[in-house]
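Peer 1: Let me see the structure of the following:
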Amino acid sequence: MPSPHPDRQPIAVHCAVITVSDTRTPETDRSGQIIQQLLQDAGHAIADYVLVKDEPEQIQERLKALCQRSDVDAVILNGGTGIAPRDTTYDAVERLLEKTLPGFGEVFRWLSYQDIGSRAIASRAIAGVCQGKLIFSLPGSSNAVKLAIEALILPELMHLVKQLQGD
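Peer 2: Here you go, the predicted model:
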């Protein structure tokens, strides 16, 4: 799909990736690996990558620390966005957002619906701004991560970061 506002000067966005999981390791974190690979393939940089337990305080602590770093423009989280008792990412992230991008979650669920049907309603994917940094919180499924990165995040990442930087 063509971009409605092509970026004249491409930039490499410096991204941090957080995988929220009680069970994954760096070796088994397929979704975290996909995020990093797709970003790098598009010319962006990985400033940090970390696995965090599905504990709200740990998620918030890591997100706040990353948002204070000058070498991070955007943070992409994956995992913990469902409604199971241990799914706390949405709640932890939503509390820290100063601005939300409701269209991200809406369009993501619409695209997911086309792939997985009515199960898409259980996704609490969210995006917004925290301390001047762009934040995306995705489900932990590899298919969901690939869909969100390719269809929504990569086409808009540079534009949104430039807006936050005042360009």
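Peer 1: what sits against A122?
Peer 2: G82, I83 (Cβ atoms under 8 Å, 6 or more residues apart in numbering). The way it works is simple: take the backbone N, C-alpha and C, and place the C-beta from them, glycine included.
Peer 1: mind checking how far it is from D22?
Peer 2: 19 Å (Cβ to Cβ, to the nearest Å).
Peer 1: now stretch 35-48, how far from the centre of its chain.
Peer 2: In terms of Cα atoms, centre = their mean, to the nearest Å, the centre of stretch 35-48 is found 12 Å from the chain centre.
Peer 1: brain fart, stretch 109-125
Peer 2: For stretch 109-125, the distance to the chain centre is 16 Å (Cα atoms, centre = their mean).
Peer 1: Okay, helices next: where are they in this structure?
Peer 2: 30-41, 56-67, 89-94, 102-116, 142-148, 154-164 (DSSP state H).
Peer 1: Please tabulate those helices in TSV, including the columns mean pLDDT and mean neighbour count.
Peer 2: Output for those, formatted as TSV (pLDDT from 0 to 100; neighbours: other Cβ atoms under 10 Å):
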stretch	mean pLDDT	mean neighbour count
helix 30-41	98	18
helix 56-67	98	18
helix 89-94	97	22
helix 102-116	97	15
helix 142-148	98	20
helix 154-164	97	17
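Peer 1: Can you add distance to V13 and give the ones you listed back as a markdown table?
Peer 2: Output for the helices of the chain, formatted as a markdown table (distance: least, Cβ to Cβ, whole Å):
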| stretch | distance to V13 |
| --- | --- |
| helix 30-41 | 8 |
| helix 56-67 | 14 |
| helix 89-94 | 19 |
| helix 102-116 | 16 |
| helix 142-148 | 15 |
| helix 154-164 | 5 |
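Peer 1: contacting residues around the closest residue to T100 other than its chain neighbours?
Peer 2: Spatial nearest neighbour of T100, chain neighbours left out: G128 (4.1 Å); criterion: Cβ to Cβ, 6 or more residues apart in numbering. Contacts for G128 (Cβ under 8 Å, 6+ apart) come out as V93, L97, E98, K99, T100, L101, I135.
Peer 1: wait, K162 sits on I11?
Peer 2: Yes - between K162 and I11 there is a contact under Cβ atoms under 8 Å: 7.0 Å.
Peer 1: Tell me the spacing between the residue nearest to G43 when sequence neighbours are not counted and L157.
Peer 2: Nearest residue to G43, sequence neighbours excluded (Cβ to Cβ, 6+ apart): A12, at 5.5 Å. As judged by Cβ to Cβ, A12 and L157 stand 10 Å apart.
Peer 1: list residues touching both of the two?
Peer 2: In contact with both A12 and L157: H44, using Cβ under 8 Å, 6+ apart.
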